[in-house]
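> Have a look at this prediction, sequence included:
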Amino acid sequence: MTDNNPPKSSYELAQERLRKRDAEAGIERRPLTEVQKAAIAELRSFYLAKIAELELLHQARMRGTADPAERATFEHEYRTERARLSSERDAKIENAREA
């Protein structure tokens, strides 16, 4: 609060601690380029659409059956596919960050 600086929020304090920890661990911080930002935005948009499509198909399948065993199978398949898409998205975003 010296030099007439307002108090920092807990979020700002946590960010400072994380930056300090990264610096001590030797992790350098590189800002993303515009090309990387565009690639990441495109990946997120693509996978958001894929997950929305998966959700619609899942809801249609669930409405089409009343059998509890079949519904459980559909639910398991949906969750597995959604996790796969999320994992694939995250891996591609990480690759875009490192490019």
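It's in.

> chain center to stretch 57-64: distance?
Chain-centre distance of stretch 57-64: 25 Å, with CA atoms, centre = their mean, to the nearest Å.

> Could you list the low-pLDDT ranges of this structure?
For the chain, the stretches flagged by pLDDT under 70 are 1-3.

> For it, which segments are assigned as helices?
Under the criterion DSSP state H, helices of the chain are mapped to 10-25, 34-63, 68-98.

> Just the residues contacting the shortest one, thanks.
This points to helix 10-25. 8, 29 (CB atoms under 8 Å, 6 or more residues apart in numbering). All C-beta atoms are positioned from the backbone trio N, CA, C, and that covers glycine.

> And that helix, how far out from the chain middle?
That offset, for helix 10-25, works out to 21 Å (CA atoms, centre = their mean).

> could I get the helices of the chain as CSV with mean neighbour count and distance to residue 4?
Listed next are the helices of the chain as CSV, based on neighbours: other CB atoms under 10 Å; distance: least, CB to CB, whole Å:
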stretch, mean neighbour count, distance to residue 4
helix 10-25, 10, 17
helix 34-63, 13, 34
helix 68-98, 13, 37
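
> Would you list the phi and psi of residue 65?
Listed backbone geometry of residue 65 is phi -140, psi 150, with angles given as degrees, to the nearest 10.

> Thought residue 71 was touching it, still the case?
Yes: Residue 65 is in contact with residue 71 according to CB atoms under 8 Å; the separation is 6.0 Å.

> Quick check: neighbours shared by those two?
By CB under 8 Å, 6+ apart, no residue touches both residue 65 and residue 71.

> residues touching residue 97, list them.
Counted by CB under 8 Å, 6+ apart, residue 97 has contacts 32, 36, 40.

> Sorry, wrong one. I was asking about residue 96.
36, 39, 40, 43.

> can you tell me how far the last one sits from residue 89?
By that I understand residue 43. Using CB to CB, to the nearest Å, residue 43 is found at 6 Å from residue 89.

> so what sits against both of these two?
Between them, residue 43 and residue 89 share no contacting residue under CB under 8 Å, 6+ apart.
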